[in-house]
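**Q** coordinates for the following, if possible.
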Amino acid sequence: MGIPTRRAILGLAVMWIRLSRNKRAVEYLENNYLAGIRTSPLRPLNYSLCFLAAYGAVAFFVGFQSGHFEPGMVEGRLAFVLPISLFVFPAFLEESSFRGLLIPNGAKERGRKFILSITLLSSTLFTLWHPLNALTINKGAQGIFLDPYFLMIVFCLGVACSLSYIYSKSLWAPVLIHWLTVCVWVLFLGGRNILFK
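**A** Coordinates of the predicted model:
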């Protein structure tokens, strides 16, 4: 587990201890975050697949046009460990923060205006997290995490993951979309070489 992953887990643990003293916060977590974890990602799978396909089309177009995607398989002894570590961070921890904790599990029932506003809020915060991460924690990723084309791809991923969470009510749907996206980028499109220079 890398330093950012340990820090993220420690941060979540500290947050949980502080929130557990607040009855309303615990109720919110139980009714939203934990409900999202307990819900199967197969619940309206068609929505998640549509959001993934739409995101994939945009990401491939922008990624190849901007030169951020370079086909080629990752090599080295760490290749088999990467999918596991990428599942924990960024997929699970980022989706827990930007979807599971931020978006109410019943967002779909609140109407289109609410869905649009919470999707834009979640996606914007998710996008802003990347430059903040590059400037504070992962300085080696500044070249990519500060690039506007990359941030456009990140924002679109945020939208796809937010909508997938809202319509499936399962945290696992956006986690799997995020994980699949990062695995394809890191393992097959040169992302690992950019991130770990």
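**Q** what residues of the longest helix anywhere in the chain count as buried?
**A** As assigned by DSSP state H, the longest helix anywhere in the chain is helix 112-136. Buried positions in helix 112-136, judged by neighbour count with 16 or more other CB atoms under 10 Å: 114-115, 118-119, 122-123, 126-127, 129-131, 133-134. The C-beta positions use only the backbone N, C-alpha and C, and glycine is treated the same way.
**Q** okay, those residues in a markdown table with pLDDT and distance to Leu146 next?
**A** Putting the buried residues of helix 112-136 into a markdown table (pLDDT from 0 to 100; distance: CB to CB, whole Å) gives the following:
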| residue | pLDDT | distance to Leu146 |
| --- | --- | --- |
| Phe114 | 98 | 31 |
| Ile115 | 98 | 30 |
| Ile118 | 98 | 26 |
| Thr119 | 98 | 24 |
| Ser122 | 98 | 21 |
| Ser123 | 98 | 18 |
| Phe126 | 98 | 15 |
| Thr127 | 98 | 12 |
| Trp129 | 96 | 13 |
| His130 | 96 | 8 |
| Pro131 | 97 | 5 |
| Asn133 | 93 | 10 |
| Ala134 | 93 | 6 |
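**Q** how about the residues you listed in TSV, adding distance to Gly140?
**A** Formatted as TSV, the buried residues of helix 112-136 follow (distance: CB to CB, whole Å):
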residue	distance to Gly140
Phe114	38
Ile115	36
Ile118	32
Thr119	30
Ser122	26
Ser123	25
Phe126	20
Thr127	19
Trp129	16
His130	13
Pro131	14
Asn133	11
Ala134	8
